[in-house]
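Visitor: fold the following.
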Amino acid sequence: MKYFSKIVCIFCLMTTVIYPGCSKKELPLFKDSKAVIPIDKEVERSDCDTLVFTCIDYRFAFANQEFLNEKLGLNGNYDHISVPGSILNLVNPATQDIVFSKVTGFINFHLIKRVVIIGHRDCGGYGGSSAFGSKVAELVYLSTDLKKARQILIEKYPTLEVDLYLETLTREGVHFDKVK
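Guide: The predicted structure follows:
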C-alpha cells in the first residue's frame, strides 16, 4: 500500500506542475492561473487515424511514447486510451462495454482505421508475472489475450487494422515484440 501511495503522490505532483523543459520556458502552475503549452503546427489537425490502447503502468510510459512516435512513426498523431490491465479489459465481458463505448467514440469522431494494442508482462491486472507460474505460460496467456482482443475488435469493426505488441521490461530497457 505504501508503494501505491508513493505512485499516486508522484502522479499528482506530475499532473499539477508543468516542468520547465516541456514548453522550453518556465510556466509553473502555482504562480499563474493558467499555462499554455505551444504545439507544433504539424500536430494541429482535427483527426487522426490510429487509436493506441495501453496499460497505465508507469514503468512503460516513456518507452511506449518513444516506440509509438519513433519506431511506428506515429509522431503524436494518435488517440490514446490507457487503463489498468489494458488487454484484460478488452477481453473481459464484465468490462468490455465500458471500454468499447470509448473505442466507438474515437472510431466515429476521429475516423480511426488502425488500432495498436500494447500489452506487457508482469501486468498487475493479471496479478503480475508470478500468477502464471512460468515465463512461457505468461507469454502464451498474454499473447492469446492480445489475439482475442484483436478478434473482438475486428468482429465489431471489420475494417480496422489491429496491430499487437507485447512489451517486456529488462535490465537493458523495454523490449517490444509484435504478436501475429
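Visitor: so this structure: which segments form each domain?
Guide: What automatic domain parsing lists as the domains of the chain is 1-38, 41-179.
Visitor: contact partners for the residue nearest the centre of the chain?
Guide: In the chain, the residue lying closest to the centroid (C-alpha atoms, centre = their mean) is Thr54, at 2.4 Å. For Thr54, the contacting residues are Phe60, Asn64, His80, Ile81, Ser82, Ser86, Ile117, Ile118, by C-beta atoms under 8 Å, 6 or more residues apart in numbering. C-beta: built from backbone N, CA, C; applies to glycine.
Visitor: now, which of the residues you listed sits nearest Ser101?
Guide: Set against Ser101, the nearest of the contacts of Thr54 by C-beta to C-beta is Ile81 (11.1 Å).
Visitor: other residues contacting the biggest strand by length in the chain?
Guide: Across the chain, the longest stretch assigned as strand under DSSP state E is strand 161-169. Under the contact criterion C-beta under 8 Å, 6+ apart, strand 161-169 has outside partners 59-60, 63-64, 67, 113-122, 139, 142-143, 146-147, 149-150, 153-154, 174-180.
Visitor: against Ala149, how distant is the closest residue to Asp57 other than its chain neighbours?
Guide: Among residues not flanking Asp57 along the chain, His120 sits closest, at 6.3 Å (C-beta to C-beta, 6 or more residues apart in numbering). His120 sits 14 Å away from Ala149, going by C-beta to C-beta, to the nearest Å.
Visitor: and for Val83?
Guide: 12 Å.
Visitor: who's in contact with Arg121?
Guide: Going by C-beta under 8 Å, 6+ apart, Arg121 touches Ser129, Lys135, Glu138, Leu139, Leu142, Leu166, Glu167, Thr168, Leu169.
Visitor: any idea how far it is from Lys135?
Guide: 8 Å.
Visitor: list the residues that contact both of these two?
Guide: Ser129.
Visitor: output the contacting helices and strands for the longest helix along the chain.
Guide: Counting by DSSP state H, the longest helix found in the chain is helix 135-156. Applying 3 or more C-beta pairs under 8 Å, 6 or more residues apart in numbering; DSSP states H and E, one finds that helix 135-156 contacts helix 86-91, helix 93-110, strand 114-120, strand 161-169, strand 174-179.
Visitor: quick check: the gap between Phe67 and Gly119.
Guide: From Phe67 across to Gly119, the span is 13 Å (C-beta to C-beta).
Visitor: if you count surrounding residues, which of those two has more?
Guide: Gly119 (26 against 20; other C-beta atoms under 10 Å).
Visitor: same question for stretch 104-114: list its buried residues.
Guide: Neighbour-count burial for stretch 104-114 flags Phe106, Ile107, His110, Ile112, Arg114 (criterion: 16 or more other C-beta atoms under 10 Å).
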